[in-house]
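Enquirer: Take this sequence and fold it.
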Amino acid sequence: MIKAMEFTLFDGHLPLLQPAEGYRTALDPVLLAAAVNADRLAGAHILDLGCGIGTVGFCLMARFPCKVTGVDLQPELLQLAQKNAAKLSRQDDITFIESNVRDLQLEEVFDAVVTNPPYVEIGRGSPNRVDNRRMAHLESIPFFDWAKAAARHLKQGGYFYIIHRADRLHDLLESLRRAEFGSFSVLPLYPRTGENTAKRVIISCRKRKYAPLRLLQGLVLHEGQSYTDRVCDIIYRIQPLMID
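Expert: Below you'll find the model as predicted:
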């Protein structure tokens, strides 16, 4: 068992365990969970591909009633995810499965799928000595396989939410279209006030539903060294990001 440390989200209302070294929860999973439409998906069963310690799922359950199934390849992170579920008394609401996304074959069909997948292509970036951190960021299988896994496990018209690097947007949309997703909404995420190049995007799309792509007004994350008021509303006051 790896050494763990506690951190909190939502102004202390969501305490979670994460590895003391290596992989650390960042802003991305919180923003991804905020993008999921609570009005539409209240009571839904949601699949989290590459769930890590379960951050996205626990954020979703803090926002609205739902069930979550998390899938990850790293057993040490799943052990912490199970501990987090027990700590929060949510064992009946969230389950975890150890599996490679490419090989995943579940019987259940889900209402929505979310993913914060590895985003550094193999051969790029610097290797990290801490394995779980390296695996969290290195794309060991193509994004198309993540898109196919989502499509396999989604009901017709179901929603798929992704957070990823903005400079990969063309490839992401191409892979999603090949996997029969459409009705795209794209939210650019800008690092700070005054910067006009997005570093991340959140994408919402639907299985075999097709409508013109919607490019939304971007979200600025920082003003100076602090989060913007809008981001503070999301990470401290559990406010939603309305993107679809």
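
Enquirer: Make sure I have this right: residue 240 is in a strand.
Expert: No - with DSSP: H, G, I helix; E, B strand; the rest coil as the criterion, residue 240 is coil rather than part of a strand.

Enquirer: What is the burial count for it?
Expert: The local packing of residue 240 (other CB atoms under 10 Å) involves 16 other residues. Quick note: C-beta positions are derived from backbone N, CA and C, even for glycine.

Enquirer: Ranking helices and strands of the protein by mean pLDDT, which lands last?
Expert: In the chain, the helix or strand scored least confidently by mean pLDDT, DSSP states H and E is helix 131-137, which has a mean of 46.

Enquirer: what's the longest helix along the chain in contact with?
Expert: When the chain is scanned for its longest helix (criterion: DSSP state H), the result is helix 75-87. When contacts are taken as CB atoms under 8 Å, 6 or more residues apart in numbering, the neighbours of helix 75-87 outside the stretch itself are 1-2, 4, 15-19, 23, 51-54, 58, 70, 72, 91, 93-94, 96, 98, 132.

Enquirer: Now do the strands in this protein.
Expert: When assigned using DSSP state E, the strands of the chain occupy the ranges 4-9, 14-19, 45-49, 67-72, 94-98, 110-115, 120-121, 138-139, 154-165, 181-192, 200-207, 214-215, 219-223, 226-227.

Enquirer: any chance of those strands in a markdown table, plus mean pLDDT?
Expert: Written out in a markdown table, the entries for the strands of the chain read as follows (pLDDT from 0 to 100):
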| stretch | mean pLDDT |
| --- | --- |
| strand 4-9 | 93 |
| strand 14-19 | 95 |
| strand 45-49 | 99 |
| strand 67-72 | 99 |
| strand 94-98 | 98 |
| strand 110-115 | 99 |
| strand 120-121 | 64 |
| strand 138-139 | 50 |
| strand 154-165 | 98 |
| strand 181-192 | 98 |
| strand 200-207 | 99 |
| strand 214-215 | 98 |
| strand 219-223 | 98 |
| strand 226-227 | 96 |
